[in-house]
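Peer 1: got a predicted structure plus its sequence, pasted below:
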Amino acid sequence: MNKPLKKYDKKSKSVYAPNPLQQEEESHTLAIIVDNEPGVLARVIGRFTGRGYNIDSLTVAETDHEENTSRITIVVSGTPSVIEQIKAQIRQIVSVRRVRDLTTFGPHIERELALIKVAGTGEKRIEALRLADVFRAQPLDSTLESFVFELTGTTEKVDAFINLMKPLGLVDVSRTGIAAISRGATTHDDQD
């Protein structure tokens, strides 16, 4: 006796059972300690672009002048196997000293800094100031027609503030990207 054919499931987009190897994409924050030398950032980023991986956030700065090291913080999305490939590729670079996946390492803190310019007068100006106070955004510059606010917080907090400022006269936004560090007494030098 023939079994009826399985109906097409729009959610899975396949008439077959889901592949157990298919994995959901997740966001990971990678902290990479590198030698502070010309071209190291390009080599690290080249590992992403050469394989078609997208970077959601990127920050870099010198962290130890005596050791001549910099810290690159990258937020990237992908399946767990893709994240492991990315980390393995980065570790192959000679100038890379350490790669730490803060997402899997344990509790960590992520913050972003944004400068937000809002132009408006009258009620919109008053509402922008009121919302800035609620979000603890600091006014750095003020004219009769505009404000520049400084806001530090999670990406979600920054996004929410920006979305609220759009109808009030949002003119410009400058964001740093995510800076992250593990919680507690552990250091980047502790083994994963």
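Peer 2: Alright, I've got the coordinates.

Peer 1: hey, where'd the helices end up in this structure?
Peer 2: For the chain, the helices defined by DSSP state H cover 40-49, 80-91, 102-105, 123-135, 155-169.

Peer 1: can you put those in CSV and add mean neighbour count, distance to residue 62 and mean pLDDT?
Peer 2: C-betas here are computed from N, CA, C, even on glycine. Listed next are the helices of the chain as CSV, based on neighbours: other Cβ atoms under 10 Å; distance: least, Cβ to Cβ, whole Å; pLDDT from 0 to 100:
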stretch, mean neighbour count, distance to residue 62, mean pLDDT
helix 40-49, 16, 11, 89
helix 80-91, 16, 19, 91
helix 102-105, 17, 20, 90
helix 123-135, 15, 30, 95
helix 155-169, 16, 24, 96
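
Peer 1: possible to save the ones you listed as TSV with distance to residue 70?
Peer 2: Below are those laid out as TSV (distance: least, Cβ to Cβ, whole Å):
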stretch	distance to residue 70
helix 40-49	7
helix 80-91	14
helix 102-105	17
helix 123-135	31
helix 155-169	22
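
Peer 1: of all those, which lies closest to residue 148?
Peer 2: helix 123-135 (10.5 Å; Cβ to Cβ).

Peer 1: now the angle from that closest one to helix 155-169?
Peer 2: Interaxial angle, helix 123-135 versus helix 155-169 (axes from the mean of the first three to the mean of the last three Cα atoms, to 10 degrees): 170 degrees.

Peer 1: tell me the helices and strands packed up against helix 123-135.
Peer 2: Applying 3 or more Cβ pairs under 8 Å, 6 or more residues apart in numbering; DSSP states H and E, one finds that helix 123-135 contacts strand 138-142, strand 146-153, helix 155-169.

Peer 1: any regions of the chain where pLDDT drops low?
Peer 2: For the chain, the stretches with pLDDT under 70 are 1-23, 187-192.

Peer 1: domains in it, as residue ranges please.
Peer 2: 26-106, 109-181 (automatic domain parsing).

Peer 1: gap between the two ends of the last one?
Peer 2: As for domain 109-181, its first-to-last residue distance stands at 6 Å under the measure Cα to Cα, to the nearest Å.

Peer 1: who touches stretch 131-148?
Peer 2: By Cβ atoms under 8 Å, 6 or more residues apart in numbering, the residues outside stretch 131-148 that reach it are 115-121, 125, 128-129, 149-151, 153, 157, 160-161, 164-165, 168-169, 171.
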